[in-house]
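# Structure for this input, please:
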Amino acid sequence: MAAHDFANGWEGTLRFAAIEPTNSQCRVPTTPSTSPRSGIVVFSGGSAANSLVEIFNQVREANNTTLSYVIPISDNGGSSSELIRVFGGPGIGDVRSRLVRLIPESSAETIAIKAFFNHRLPSSYAAARVEWLDIVEANHALWTGISSPKRELIRSFLNAINLELVKRLRPTSRFDFSGASIGNLFLTGARLFTGSFESAIYLLSSICAVPPTTSVLPVLNTNFACHIAAGLTDGTVITGQNNISHPSVPTAAVPQASHPTSPRTETEEHDRVEDANLPGTLPTLRKPAIAFSKEHEEDLPARIERLWYINPYGQEITPPANPRVIDAVNGAGCIVYSIGSLFTSIIPSLVLRGVGEAVSSPLIRTKILILNGTIDRETGPSNNPYTALGFIAAIANACSESMGLKEKPHPNEYFRYVTNVIYLGGPTSPKVDKAVLNKLGIESMRLYGPPTSAGRYDLKALEQALEAMIGVRDPRSDRTRRNTLVG
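Next up, the predicted model:
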């Protein structure tokens, strides 16, 4: 339908300097909020949304409430792919990335701990293995500044996973330390020792002094690997998150078939390797994918139409979400769909059973989509990219599928899942038809990024926009920050 058929929407163009009063004037007292629907839930992946952590924390403080990050665990690329291949278990890279980003740099020790868990081993196997042994034996400079009790506690779990690595060595398989994250190795060791992924997260949060008002919640609480598949509009099916988002070449850690002549031949080659995968598992999900680039992405042959979870043999499954995620959404007054990969960072959390119903609740006042500043591989192809309405439709479709509904929701129902859109109006950004969104009951607000950083938000402007939409109360009056905007 043409844009002129709709009523003109609110022209939500915003420069941060135009919002008054200032943040410092709008901070509320420090006593915890008693509202049953005051929490903030952020659906996001790892690296992209890490740049907004301070912003979300400022908004949390302004609302005097709790903040929960819901993180998918389907990533099977990078160093996580080698941990999954050898030990099984969830993809922990994005969870570790957010936990480490939340470590407060309040002392020399927390700074040292942050550097420790952020550290990656060298890219070559031999050098990486030597450095790993130096770390396990406490001979590495990374331990400088970490107190003895915490050092020995951390070492105990690194030693636990090192022992497991030694026990699992086979002539046909070895663990490739190339580029491995120390934080990922620690979380895996803690998970294997305790038998619980969430216990490992709690342990790392405690060691790193992550504030108790902020939670990092894996969307699934499991000790098993969880994989996704995407169906394109041309009928193509892509299995594995890494293949969907950032395809990479296998490494030499596991012998690969030189010239597989059929799927059966390729499967037989992988079945000769003893790892965490049962015989017959899809070869696509067993290939180590340590090396990949986010800078050089080829277009998908067609748009992504749908995303779903699969078992190791490629069959579709419909697992329920982590109960703690449902509890967090049920206690939320605001939901934020953060920047990041739409189909591998946001949608994997929304399609799980229980999430769609919780998200669609009318008791959640504000549901904000922060649009990416650029189109990526998942929201292309470049000659037919997703618009803002396409992003919203993908979110609504995923939530509807979570509820087991066979038909996609009508556009008139999109406001149940998204009430506000924040976007950049640059040439690389998804196109936004404000009149169409306004007709559907969805408010949109345009922000300006720094002049020298195309496709990036001005963080101060974004913080004030979020506070305005959520409705931070001005203690000097009974007005909310929403009322300070001029339509």
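# send the alpha carbons of stretch 197-207 over as CSV?
Extracted in CSV, the C-alpha atoms of stretch 197-207 (Å, rounded to 0.1, in the frame of the first residue of the first chain):
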residue,chain,number,x,y,z
PHE,A,197,25.5,-23.9,32.4
GLU,A,198,23.6,-21.4,34.6
SER,A,199,25.8,-22.3,37.6
ALA,A,200,28.9,-21.6,35.4
ILE,A,201,27.4,-18.2,34.5
TYR,A,202,26.7,-17.5,38.2
LEU,A,203,30.2,-18.4,39.1
LEU,A,204,31.8,-16.1,36.5
SER,A,205,29.4,-13.3,37.5
SER,A,206,30.4,-13.6,41.2
ILE,A,207,34.1,-13.7,40.5
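# contacting residues around it?
73, 89-90, 92, 95-96, 99, 113, 117, 150, 153-154, 157, 183, 186-188, 190-191, 194, 210, 216, 218, 221-223, 324 (CB atoms under 8 Å, 6 or more residues apart in numbering). C-beta: built from backbone N, CA, C; applies to glycine.
# For stretch 207-215, list every residue counted as buried.
207-208, 210, 214-215 (16 or more other CB atoms under 10 Å).
# Of those, which belong to helices?
Counted as lying in helices by DSSP state H, out of the buried residues of stretch 207-215, are residue 207.
# that older thread, from the contacts of stretch 197-207, list just the buried residues.
Members of these classed as buried by 16+ other CB under 10 Å are 73, 89-90, 92, 95-96, 99, 113, 117, 150, 154, 157, 183, 186-188, 190-191, 210, 216, 218, 221-222, 324.
# all helices in the stretch 1-150 of the chain, in order from the N-terminus.
23-26, 47-50, 53-63, 79-87, 93-101, 108-118, 125-136, 148-167 (DSSP state H, counting those that start in this stretch).
# Would you mind listing the outside residues contacting the helix or strand following the last one?
Secondary structure here is assigned by DSSP states H and E; on that basis, the next helix or strand after helix 148-167 toward the C-terminus is helix 182-194. Outside helix 182-194, the residues that touch it by CB under 8 Å, 6+ apart are 79-80, 83, 87, 89, 92-93, 95-97, 99-100, 116-121, 135, 142, 154, 157-162, 164, 197, 199-201, 203-204, 223.
# Any of these buried? List them.
Buried among the contacts of helix 182-194 (16+ other CB under 10 Å): 79-80, 83, 87, 89, 92-93, 95-97, 99-100, 116-121, 135, 142, 154, 157-158, 160-162, 164, 197, 200-201, 203-204.
# If we go by neighbour counts, what in stretch 215-234 is buried?
Those would be 215-222, 224-230, 232, for stretch 215-234 by 16+ other CB under 10 Å.
# Among those residues, find me the one that's closest to residue 49.
Proximity of those to residue 49, judged by CB to CB, is greatest for residue 216, which lies at 11.6 Å.
# how about the strands in the stretch 351-487 of the chain?
Under the criterion DSSP state E, counting those that start in this stretch, strands of the stretch 351-487 of the chain are mapped to 366-370, 420-424, 443-447.
# Rebuild those strands as a markdown table, extending it with distance to residue 242 and mean pLDDT.
A markdown table is the format used below for the strands of the stretch 351-487 of the chain (distance: least, CB to CB, whole Å; pLDDT from 0 to 100):
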| stretch | distance to residue 242 | mean pLDDT |
| --- | --- | --- |
| strand 366-370 | 24 | 98 |
| strand 420-424 | 28 | 97 |
| strand 443-447 | 32 | 96 |
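# Nearest to residue 56, out of those?
Using CB to CB, the nearest of the strands of the stretch 351-487 of the chain to residue 56 is strand 366-370, at 10.4 Å.
# For residue 317, grab phi and psi.
Taking degrees, to the nearest 10, you get phi -130, psi 160 for the backbone angles of residue 317.
# pretty sure it contacts residue 309?
Yes - under the criterion of CB atoms under 8 Å, residue 317 makes contact with residue 309 at 5.1 Å.
# The two: who's more crowded?
residue 309 (18 against 10; other CB atoms under 10 Å).
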